[in-house]
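Trainee: sequence plus predicted model, see below.
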Amino acid sequence: MIVLLHTFGAILFAVQLASGQEPARQPDPAPTTVEHRTASAFGKFLAGAAVGLAAHESGHLLFDGIFDANPRIKKVSFHGVPFFAITHDAGLSPRQEFIIDSAGFWVQEATNEVILSRRPNLRRERAPFLKGLFVFNVGTSIAYAGAAFARTGPVERDTRGMADALRWKEPYVGLLILIPAVLDAIRFYHPEQRWAAWGSRAAKIGGVVLIAR
């Protein structure tokens, strides 16, 4: 639920993805038109990322409401950098805490599954909005996984809450969210790799069935 980590992860992954998205172009006699199209595509890309952020937070807020967890904005910091996070009441059951903290990742993973199942060749398409949404989802999971491995960031971070609820070490939760993100990235670049698709789906289902622990 930490906005800084969302943004950081999305930006890092976006830079890597954008470098391989478009083939080299020949000089265009109408540069103004090209610039307009580029700006429009970038705007749609950012809009997709913004929708990804809203969807992630909506997943948390949905279960906050279901469990009457009193969600609210709290001022926090990341290594001295101030920002805000959405938090909720303490005292929930481990299962409720795990569901709330995991919900944002479940939304991301389900969204990626729909995108990659319906548009397996997305990388070769001109679909900046969907690419922005996909990049946000994968980049956010990678950023959170990195924070989990390092065990750093505000105590409100999702991976810490998930680890406490499961009674796991936090790096294990990092792997839980990293694996489907990496497999989805492989699917984006190599849609013919069916093992990545089935591995990603199995990892996503595995993350949800943990609520039965």
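Mentor: Looks like it came in fine.

Trainee: need the pLDDT of His79.
Mentor: We have a pLDDT of 62 for His79.

Trainee: kindly report the same for the one 4 residues further on.
Mentor: Phe83 is assigned a pLDDT of 66 by the prediction.

Trainee: what distance do you get for the residue nearest to the spatial centre of the chain to His88?
Mentor: The residue lying closest to the centre of the chain (Cα atoms, centre = their mean) is Asn137, at 2.7 Å. From Asn137 across to His88, the span is 22 Å (Cβ to Cβ, to the nearest Å). All C-beta atoms are positioned from the backbone trio N, CA, C, and that covers glycine.

Trainee: what do you get for Gln96?
Mentor: Separation of Gln96 from His88 (Cβ to Cβ) stands at 10 Å.

Trainee: and for Leu53?
Mentor: 18 Å.

Trainee: okay, the two: which has more neighbours?
Mentor: A direct count of neighbours by other Cβ atoms under 10 Å for Leu53 and His88 places His88 higher, at 25 against 18.

Trainee: low-confidence ranges, this structure, go.
Mentor: Residue ranges of the chain with pLDDT under 70: 1-32, 77-84.

Trainee: and the next element down the chain from the longest helix that it contains?
Mentor: Secondary structure of the chain per DSSP state H: the longest helix is helix 31-66. Toward the C-terminus, helix 31-66 is succeeded by strand 72-78 as the next helix or strand (DSSP states H and E).

Trainee: that next one pairs with which strands, parallel or anti?
Mentor: When pairing is defined by DSSP bridges, strand 72-78 lines up against strand 81-87 (antiparallel).

Trainee: so what's the residue lying closest to Leu116 once chain neighbours are set aside up against?
Mentor: Nearest non-adjacent residue to Leu116, counting by Cβ to Cβ, 6 or more residues apart in numbering: Arg187, 5.1 Å away. Residues in contact with Arg187 (Cβ atoms under 8 Å, 6 or more residues apart in numbering) are 116, 120, 193, 196-197, 200.
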